[in-house]
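Sharing a model prediction with you, sequence too.
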Amino acid sequence: MPEEKYGSTRRASCGKWRSRLLRWSVLGIGWSTYIVYRSFVVGQIKYDALTGKMIIRPRNMWIKRIALVLKISAMCVDNFGLVYLTIACFPLLFISSGDLNHPKRLFEDLVEAVIFQIAFWNIGRLYYWLRSLSWNRSLVLSVNEVICVMSLIEETFGPLPIDGPVLLIIFVVQFDLTVLQIAEYLYGKMFVLALHTILLALFYNAYIAYQLLLLSWMATFNRFSKGYHQKGTPTWQERQQLQHLFCLYSRVSNGHQNIMVLWLPVATMLFSNIVVLVAHWSIVIYCVLFIDSMNAVEKWQDFLREQLGGSLTPLLRILLIGLCNDRLAKLERFLSLQLLFIDLRYSGCPEVRKGKDLEQTCFDIQLRAQPIRNQIMSMQHVCGCPFVLEFFFCTFLNALNCVQYAVANGINIKNF
């Protein structure tokens, strides 16, 4: 008995710690993203402290004017990005006729043009979504639905624990590398790429906060269903909780599909970062294999100072989403198995099975028709660990091809 009491107390303490970690993590990610978003003075989304939900409220006219002056001043520092815009639109403009046959100039200018074309295109799309009233309304509805579902699950099943603290650690590492990547771009006076990274990080961080909540919801459903079928005869309250589980899962699944409609265009931008990733990996591979004037310590210092953020951040973003997807698939399969056990165990109890056949059938249909997954590029492409592995090898092979081309044509891409 003392050992059981000690074990129960220890589990309760661990549960409180995991619940607090989830709350602090989601609040930290959410509030930091919200503060940066409001600082850009774009869009009309605002948090209402009285209702605890997001609302649409137009910005103050004077604040918009002051922000506009500051934005124009910041653009003047970078000459309104005309240099990068010219490189993106006219990559061969500054090459003389005698240099057109020179592979070094063509290679560098074309790669730079592709990188800046993608950056300008993504910045335009992200900024348009932030300013779009219809997109803002859709986002507000989705965020409020997440807040409502979280409150209902907490009221029904108790505090929500964090599932997979390793995912949170990976996110923290990715966040630190993102800050380092932005600092590298600012130090190199590539303000367009820095702005692109900041805007993309806003959307990405908000989605990761949602992923942490989604994993905690699925883990809570599994915890309840496991305890339900391990007991003898369930109480009336537990039967009510089981009915709520089916309704809440359906609501979570439908809400996830709506969120994916908003997230999928952003996810394609994560994949488009493969161009930047290839450029950084090419420099790293070239320095490691073909730069003899630098020793190992100097190469490590050069990598940590100039290439660390750009070489790892895009890959970690894809990896984190892939790990979350595989964890969701595992939790969903486990939940389906637990509910199957419950269905088989209480098949001869009419008072327990009252109305449950229809709910179980609806759950099975919804589980197969719209499984909760993380898509990328399209609804048919699931961003799981197999996709992450393909993304890694695709990046690595393209980086090797760039290095091979550089070596064959005598191009030094160290300072590219």
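Happy to help now that I have it.

Please write out the alpha-carbon positions of stretch 304-323 in PDB.
Provided in PDB are the C-alpha atoms of stretch 304-323 (Å, rounded to 0.1, in the frame of the first residue of the first chain):
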ATOM      1  CA  LEU A 304      29.800  28.300 -36.800                       C
ATOM      2  CA  ARG A 305      30.000  32.000 -37.700                       C
ATOM      3  CA  GLU A 306      28.600  32.100 -41.200                       C
ATOM      4  CA  GLN A 307      26.800  28.800 -42.100                       C
ATOM      5  CA  LEU A 308      25.300  27.300 -39.000                       C
ATOM      6  CA  GLY A 309      21.900  29.000 -39.100                       C
ATOM      7  CA  GLY A 310      21.300  28.700 -42.800                       C
ATOM      8  CA  SER A 311      22.600  25.100 -43.000                       C
ATOM      9  CA  LEU A 312      20.400  23.600 -40.300                       C
ATOM     10  CA  THR A 313      17.300  25.800 -39.700                       C
ATOM     11  CA  PRO A 314      15.300  24.800 -42.900                       C
ATOM     12  CA  LEU A 315      16.100  21.100 -42.300                       C
ATOM     13  CA  LEU A 316      15.100  21.300 -38.600                       C
ATOM     14  CA  ARG A 317      11.800  22.900 -39.500                       C
ATOM     15  CA  ILE A 318      10.900  20.100 -41.900                       C
ATOM     16  CA  LEU A 319      12.200  17.500 -39.400                       C
ATOM     17  CA  LEU A 320      10.000  18.800 -36.600                       C
ATOM     18  CA  ILE A 321       6.900  18.800 -38.600                       C
ATOM     19  CA  GLY A 322       7.700  15.200 -39.800                       C
ATOM     20  CA  LEU A 323       8.200  14.000 -36.200                       C
END
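
Quick one: distance of that stretch to the chain centre.
12 Å (C-alpha atoms, centre = their mean, to the nearest Å).

Number of residues surrounding L320?
The local packing of L320 (other C-beta atoms under 10 Å) involves 23 other residues. (Glycine included, C-beta is placed from N, CA and C.)

what is the rounded mean pLDDT of the host helix or strand of it?
Following DSSP states H and E, one finds L320 within helix 308-345. Along helix 308-345, the predicted local confidence has a mean pLDDT of 88.

Can you mark which positions in that helix are buried?
Applying a neighbour-count criterion of 16 or more other C-beta atoms under 10 Å, one finds 308-329, 331-332, 334-335, 338-339, 342-343 buried in helix 308-345.

just stretch 285-299 next, same as before
Within stretch 285-299, judged by 16+ other C-beta under 10 Å, the buried ones are I285, Y286, C287.

same thing with stretch 260-274?
Within stretch 260-274, the residues that qualify as buried by neighbour count (16+ other C-beta under 10 Å) are 260, 262-264, 266-274.
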